[in-house]
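K.L.:
everything below, folded, please.
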Amino acid sequence: MPFVVDASITASWAFLKNAPAGEIAFEKLLTESAIAPSLWWYEVRNLLLMDERRQRRNASSTEAFLGFLATLPIQLDHSPDEGGVLRLARAHKLTVDDAAYLELAARTGVPLATLDADLIKAARAQRIPLLKPPTSR
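P.N.:
So this is what the prediction gives:
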């Protein structure tokens with residue numbers, strides 16, 4: 001089953017953070033696909049550029065990571081439900097950016113992969129499943 005991946009999960013991969021949810025999402029991408037709202041493209045690049053400006057990464061490592069991301073089965077969704085995004089942002093006091101991930105998960109009926117505490121809380125309130133580790137058989 002596909003899942004929605006957000007920029008916080010992607011950042012955990014880029015910055016090699018030990019985040020169990022990030023590791024689970026990455027492992028699932030070996031056999032399944034993910035989707036993200038189109039803003040994910042911009043958010044990821046902004047995270048990498050800010051890291052460059054803080055002199056924690058250089059342009060070549062940014063390009064290498066973006067090349068790696070391009071190999072992953074992550075599709076961008078360009079058709080958000082505008083009313084749904086705004087409704088979720090208002091209801092849960094989220095940014096519109098965060099609400100876009102929540103709306104995509106709700107609209108497609110797939111789990112959400114995030115490290116964002118406010119987004120996790122909103123997903124639970126909306127009964128949107130969060131990405132979980134696979135169950136052992």
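K.L.:
so what's the most centrally placed residue in the chain up against?
P.N.:
For the chain, residue 6 is the residue whose C-alpha lies nearest the centre (CA atoms, centre = their mean; 1.0 Å). Neighbouring residues of residue 6 by CB atoms under 8 Å, 6 or more residues apart in numbering: 36, 40, 98, 101, 112-116, 119. In short, each C-beta sits where N, CA and C put it, glycine included.
K.L.:
which of the residues you listed fall in helices?
P.N.:
Of the contacts of residue 6, the ones assigned to helices by DSSP state H are 40, 98, 101, 119.
K.L.:
now the last one, nearest residue through space, not along the chain?
P.N.:
For residue 119, the nearest residue in space outside its immediate sequence neighbours is residue 98; the separation is 5.0 Å by CB to CB, 6 or more residues apart in numbering.
K.L.:
now do the helix or strand that contains residue 91: which elements does it pack against?
P.N.:
Following DSSP states H and E, one finds residue 91 within helix 82-92. Using 3 or more CB pairs under 8 Å, 6 or more residues apart in numbering; DSSP states H and E as the contact test, the elements touching helix 82-92 are helix 96-108, helix 117-125.
K.L.:
that helix vs helix 96-108, what angle?
P.N.:
Here helix 82-92 runs at an angle of 120 degrees relative to helix 96-108 (axes from the mean of the first three to the mean of the last three CA atoms, to 10 degrees).
K.L.:
thanks again, I'm all set now.
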